[in-house]
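Peer 1: here is my input; please provide its structure:
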Amino acid sequence: MARDGSKLIAKNKKAFHDYFIEETLEAGLVLTGTEVKSLRDGKVNLRDAYANIDGEEVWLLGMHISPYEQGNIFNHDPLRERKLLLHKSEIRRLLGKVQATGYTLVPTKLYFKDGRAKVEIGLAKGKQLHDKRQTLARKEAEREMQRAFRDRQR
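Peer 2: Next up is the predicted model:
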């Protein structure tokens, strides 16, 4: 558990591989009871998820929350659309950026903060193939430097 009262549930590593994340924003989630129980078990997949702005509401699509094992006939649909809780001014600002400059909204993290489920959405711009290769090469070079530094200290 982190010092600020938050507990990480899932992180979307693929989003950082496929997109340049320019800005992040915290949003609440509207969930059912069995979804919260599945989140506490860590049974969620953010890999193919994205957010869509519809009118003055933001919806999270493609996030898979597995059905709760001890649930009954009232269990939730794993791929249902989930509403994100944001202020109107934030939604309008995001809508302007998404429409005008070709950004997309991608969830980067899902966590509990003071007992409430929160999602961090990122304003993202897609990477080209050569950008992905550059990022991988830079990470590999950093790994090699760390390895050499560690071996030298021994």
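Peer 1: residues contacting the closest residue to Leu46 other than its chain neighbours?
Peer 2: Using Cβ to Cβ, 6 or more residues apart in numbering and skipping the chain neighbours, the partner closest in space to Leu46 is Asn12 (4.1 Å). Quick note: C-beta positions are derived from backbone N, CA and C, even for glycine. Each residue near Asn12 by Cβ atoms under 8 Å, 6 or more residues apart in numbering is listed here: 46-47, 49, 106-109.
Peer 1: could you pull out the helices for the chain?
Peer 2: Per DSSP state H, the chain carries helices over the ranges 13-18, 33-40, 88-101, 129-153.
Peer 1: adding distance to Ala117, write the ones you listed out as TSV.
Peer 2: Putting the helices of the chain into TSV (distance: least, Cβ to Cβ, whole Å) gives the following:
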stretch	distance to Ala117
helix 13-18	18
helix 33-40	6
helix 88-101	18
helix 129-153	30
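Peer 1: ok, and what's touching the lowest-mean-pLDDT helix or strand in the chain?
Peer 2: Lowest by mean pLDDT, DSSP states H and E among the helices and strands of the chain is helix 13-18, with a mean of 85. Under the contact criterion Cβ under 8 Å, 6+ apart, helix 13-18 has outside partners 21, 46-47, 106-108, 122, 124, 126-127, 132, 135.
Peer 1: for His87, phi and psi?
Peer 2: For His87, the backbone dihedrals (degrees, to the nearest 10) come out as phi -70, psi 150.
Peer 1: neighbours of Asp54, how many?
Peer 2: For Asp54, the neighbour count with other Cβ atoms under 10 Å is 9.
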